[in-house]
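Enquirer: okay, predicted coordinates and the sequence, questions at the end:
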Amino acid sequence: MTILNKILYAEDEPDIREIASLALESIGQFEIETCESGVPVIDLAMSFQPQLILLDVMMPDMDGPSTLKALNNHEVLRHIPVIFLTAKILPDEIERFKALGAIDVINKPFDPMTLADELRNIWAGFNGH
């Protein structure tokens with residue numbers, strides 16, 4: 001199984017973006033690239049070549065579901081697994097996000113101390129299929 005190393009994270013809230021980045025870099029030892037909306041995700045994904053993309057659901061300009069759709073329509077990027085992060089999490093929404101192509105959904109607020117392990121577990125489950 002491929003080890004997860006590179007993650008792209010789109011989040012419009014600077015505090016949440018900073019906490020997640022610090023947790024994933026210092027605790028998880030991941031290489032992280034961040035942006036504040038879905039708009040730059042395609043270009044960043046092309047240059048950074050992440051193994052996994054984390055998307056906030058609610059973002060200005062281009063929200064998470066719209067960003068996932070753009071990724072899925074891109075020949076080179078459609079294979080990169082996407083996980084949504086959202087504070088509005090209902091069981092039917094989780095199923096809707098998975099139907100859009102997300103491999104999982106993480107509830108916000110998340111625990112910075114366990115976020116890296118949670119991502120590794122999702123990654124292992126996804127790659128185990």
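Expert: Arrived safely.

Enquirer: hey, let's count contacts and neighbours off CA atoms from now on
Expert: Will do.

Enquirer: give me the contacts around stretch 118-129.
Expert: Around stretch 118-129, the neighbours that count as contacts under CA atoms under 8 Å, 6 or more residues apart in numbering are 1-2, 4, 103-104.

Enquirer: now the residue nearest in space to the middle of the chain, what's its secondary structure?
Expert: The chain has residue 54 as the residue nearest its centroid, 0.8 Å off, counting by CA atoms, centre = their mean. Three-state assignment for residue 54 (DSSP: H, G, I helix; E, B strand; the rest coil): strand.

Enquirer: just the buried ones from the contacts of stretch 118-129, in PyMOL syntax?
Expert: Burial among these is assessed by 16 or more other CA atoms under 10 Å; the matching PyMOL selection reads:
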select buried, resi 4+103+104
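
Enquirer: a markdown table for the contacts of stretch 118-129, including pLDDT, distance to residue 65 and secondary structure?
Expert: Converted to a markdown table, the contacts of stretch 118-129 look like this (pLDDT from 0 to 100; distance: CA to CA, whole Å; DSSP: H, G, I helix; E, B strand; the rest coil):
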| residue | pLDDT | distance to residue 65 | secondary structure |
| --- | --- | --- | --- |
| 1 | 69 | 28 | coil |
| 2 | 88 | 26 | coil |
| 4 | 96 | 23 | coil |
| 103 | 97 | 13 | coil |
| 104 | 96 | 13 | strand |
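
Enquirer: show me where this structure has strands.
Expert: Applying DSSP state E to the chain gives strands spanning 6-10, 31-35, 52-56, 82-86, 104-107.
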